[in-house]
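>>> Below is the sequence, then the predicted model.
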Amino acid sequence: MPPPPFDELRAPPSFRESLVRRVLAFIQEHHLLPSGEKVIIGVSGGPDSLCLLHLLLELRAPLGISLHVAHLNHRLRGEESEADARFVADLAQRLGLDATVEARDVLAYKKEHRISVEEAAREVRYAFLAEVARSTGAGRVAVGHTARDQAETVLMHLVRGTGLAGLRGIRPLAQWRSPNAQGTLTVVRPLLEVSREETEACCAALGLEPRLETERWPTLRHRLRSQLMPLLRSYNPQVEKALLRLAREAAPELDFWEGQVREHWDEVVTEEGTGLSFRIQALSALSPALQRHMLRHALERLRGDLRDIEAVHIEKMREAAVKPAGGVLRPSKERKLSLPGGLVMVTQYETFFLGPAGALPLPLPPLEGVHPLEVPGETALPGWRVKATLGAPTPGGPPGEGWKADLDAAVAGSQLVVRPRRPGDLFHPLGMEQPKKLQDFMVDAKISRAWRDRVPLVCSPQHILWVAGWRIDHRARVTEATKEVLTLEFQRVS
């Protein structure tokens, strides 16, 4: 059965035309619904989603889109939730639209993931919408967030302690990424500048009776809506419009900074597996404002959103990476910072890594046990191949600061082994008068704590000859008295 024309649903032409024109202009301004797209409409049964559904029905032909209704029963309100599902299914059938109506156990998800009911409902709902989009081949999902939701979101960010990014509130077009990183979803919000009063008037004009939700959990948004907003209206009856203006004015400012982030991104950031590696000096060269936006963008890129990210988190990240010293930003010591969403930030002297906990990149393979070296010859180690050659001294041989080193063969001897560090190890670094604790050398050489047990040590029966990749022993250096040179080279193998 084809959907009834808008006129037959008793909408006054002036109201209908005005609202349709505004929503169409908003969709076109923000490029929300490309022609030829199949669009999932999230319909709860409330006035906002019902208004969205009927407006997109009116705009379906002008926009060149097709529609599919989706409704999720959160099982939070017993029979009311069941009635909501039946209402949406019946409405979709009357309008001649395909619909997917399913149920999920939000409370079980909340318990499993130890999050609030509000967070659980949101994650479960968007995961459901993503499933419907994939199964139907839809490119985008439209939801009924209105100007009231925008004002409440901006206020909620202010209460929680937002940075500038939080003042933008809800975006007309955004990417949602599932918490388990199994996929993304393009979400559009065509009603973001339509008031709740207008969506209710739209439903009344269409002769619709929206389902009204009963709030059973004191979420922050519900408390803002029922307690704080009425109080703020007593100071400024137009407080919602003021918050909307703030969001609109913040948007172009953030667009500028996001352009700056894109311009400098490759100078500062390198992808490392599932995380990101930052060059501290390159980040320090940027203005503090751009540093904040760079870090905020990195978090959003890794998580898919900035929920629970507050200004204090960004400042702690800046402090962990760079700190004032005599008015100049300098690299800090190695530190680890835990962040919302299971992310960690680990500074490694010249760089810092940002990514999932446990995903810190370790460029050195694990090293266990003692491995005798063939001298001369080649020795296979886990992750390494070591070549040992003997030859006459040559000027300018490798001093041992990389993965190739020249040693005095007579001092080194032929009974060499490769092993990891041990408690109490001593090392006499090239250029120093006395030996020192290996631990102290590694700290001074800025070897990351996570790498230290993996650094190969080339040892004679008497002492450590070479901390491979960093420094040779002072006593084993090539001198004018050296008659034969032992050249060692570590090569990585997969």
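Happy to help now that I have it. Residues are numbered from 1 along each chain as shown.
>>> hey, let's count contacts and neighbours off CA atoms from now on
Fine.
>>> domain assignment for this protein?
The chain breaks down into these domains under automatic domain parsing: 6-235, 255-356, 371-492.
>>> first to last residue in the shortest one, what's the distance?
What that stands for is domain 255-356. Distance between the two ends of domain 255-356: 27 Å, counting by CA to CA, to the nearest Å.
>>> how far out from the middle of the chain is it?
Computed by CA atoms, centre = their mean, to the nearest Å, the separation of domain 255-356 from the middle of its chain amounts to 12 Å.
>>> For the remainder of this discussion, apply numbering that starts at 507.
All right, first residue 507 from here; so that's domain 761-862.
>>> Least reliable of the domains of the chain by average pLDDT, please.
Set side by side, the domains of the chain give their lowest mean pLDDT on domain 761-862, at a mean of 83.
>>> Need the domains of the chain in CSV (columns: mean neighbour count and distance to Leu750).
CSV is the format used below for the domains of the chain (neighbours: other CA atoms under 10 Å; distance: least, CA to CA, whole Å):
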stretch, mean neighbour count, distance to Leu750
domain 512-741, 18, 6
domain 761-862, 18, 17
domain 877-998, 17, 47
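>>> Relative to Leu752, which of the ones you listed is closest?
Evaluated over the domains of the chain, closeness to Leu752 peaks at domain 512-741, with 6.7 Å, by CA to CA.
>>> Can you list the residue ranges for helices in the stretch 657-806 of the chain?
Listed from the start of the chain, the stretch 657-806 of the chain has helices (DSSP state H, counting those that start in this stretch) covering 702-711, 726-729, 735-741, 745-774, 786-790, 794-809.
>>> now the domains of the chain in a markdown table, with distance to Arg754?
Formatted as a markdown table, the entries for the domains of the chain read as follows, by distance: least, CA to CA, whole Å:
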| stretch | distance to Arg754 |
| --- | --- |
| domain 512-741 | 7 |
| domain 761-862 | 11 |
| domain 877-998 | 45 |
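>>> what residues are up against the closest residue to Thr690 other than its chain neighbours?
By the measure of CA to CA, 6 or more residues apart in numbering, the closest residue to Thr690 outside its immediate chain neighbours is Arg683, 4.3 Å from it. By CA atoms under 8 Å, 6 or more residues apart in numbering, Arg683 lies in contact with 689-691, 809-811.
>>> Could you dump the helices of the stretch 657-806 of the chain into a markdown table and include distance to Ala595?
Listed next are the helices of the stretch 657-806 of the chain as a markdown table, based on distance: least, CA to CA, whole Å:
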| stretch | distance to Ala595 |
| --- | --- |
| helix 702-711 | 17 |
| helix 726-729 | 27 |
| helix 735-741 | 34 |
| helix 745-774 | 33 |
| helix 786-790 | 53 |
| helix 794-809 | 34 |
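>>> For Gly875, which of those helices is the nearest?
With distances scored as CA to CA, the stretch of the helices of the stretch 657-806 of the chain nearest to Gly875 is helix 786-790 (34.9 Å).
>>> Run through the neighbouring helices and strands of that closest one.
Counting contacts by 3 or more CA pairs under 8 Å, 6 or more residues apart in numbering; DSSP states H and E, helix 786-790 is packed against helix 745-774, strand 834-837.
>>> follow-up on the earlier one: which one of the helices of the stretch 657-806 of the chain lies closest to Val984?
Nearest to Val984 among the helices of the stretch 657-806 of the chain is helix 786-790; the distance by CA to CA comes to 34.8 Å.
>>> okay, the closest one in CSV with CA atoms only?
The C-alpha trace of helix 786-790 is given here as CSV (Å, rounded to 0.1, in the frame of the first residue of the first chain):
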residue,chain,number,x,y,z
ILE,A,786,56.9,15.0,21.0
GLN,A,787,59.2,17.7,19.5
ALA,A,788,56.9,18.2,16.5
LEU,A,789,53.8,18.4,18.8
SER,A,790,55.7,20.8,21.1
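>>> Three-state assignment for the closest residue in space to Ala626 that isn't next to it in sequence, please.
Nearest residue to Ala626, sequence neighbours excluded (CA to CA, 6+ apart): Lys616, at 5.2 Å. Classification of Lys616 by DSSP: H, G, I helix; E, B strand; the rest coil places it in helix.
>>> Which residues are in contact with Lys616?
Contacts for Lys616 were tallied using CA under 8 Å, 6+ apart; they are 622-623, 625-626.
>>> which residues sit in contact with the closest residue to Ile676 other than its chain neighbours?
Excluding the flanking residues, the one nearest Ile676 by CA to CA, 6+ apart is Gln656, at 5.8 Å. Listed by CA under 8 Å, 6+ apart, the contact partners of Gln656 are 675-676, 698, 750.
>>> hmm, back to that, kindly reformat the contacts of Lys616 as TSV containing secondary structure and distance to Ser587.
Compiled in TSV, those are given as follows (DSSP: H, G, I helix; E, B strand; the rest coil; distance: CA to CA, whole Å):
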residue	secondary structure	distance to Ser587
Ser622	coil	19
Val623	helix	15
Glu625	helix	18
Ala626	helix	16
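>>> Relative to Ser732, which of the residues you listed is nearest.
Of all those, Val623 has the smallest distance to Ser732: 17.9 Å, by CA to CA.
>>> that older thread, ok, now how distant is the residue nearest to Thr690 from Gly810?
With distances taken as CA to CA, Arg683 is found 5 Å from Gly810.
>>> gap between the residue positioned nearest the centre of the chain and His560?
In the chain, the C-alpha closest to the average C-alpha coordinate belongs to Leu808, at a distance of 2.1 Å (CA atoms, centre = their mean). Here the distance between Leu808 and His560 works out to 36 Å (CA to CA).
>>> hang on, the earlier thing: inside strands: which ones of the contacts of Arg683?
Secondary structure assignment (DSSP state E) places 690-691 from the contacts of Arg683 within strands.
>>> ok, the contacts of Arg683 vs Arg581, which is closest?
When the contacts of Arg683 are ranked by distance to Arg581 (CA to CA), Leu691 comes first, at 23.3 Å.
>>> Can you tell me the closest non-neighbouring residue to Val973?
In space, not counting the residues next to it along the chain, Val973 is nearest to Leu963; the distance is 4.9 Å by CA to CA, 6+ apart.
>>> which residues pair with that neighbour across the strands?
Using DSSP bridges, the beta-bridge partners of Leu963 come out as Arg925, Val973.
>>> Quick check, it in contact with Trp976.
No. Between Leu963 and Trp976 there is no contact, the gap being 10.1 Å when judged by CA atoms under 8 Å.
>>> Using TSV, lay out the contacts of Gln656 together with distance to Ser541.
Listed next are the contacts of Gln656 as TSV, based on distance: CA to CA, whole Å:
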residue	distance to Ser541
Gly675	27
Ile676	24
Leu698	20
Leu750	29
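>>> Looking at the residues you listed, which one is closest to Ile786?
Comparing those against Ile786 with CA to CA places Gly675 closest, at 30.2 Å.
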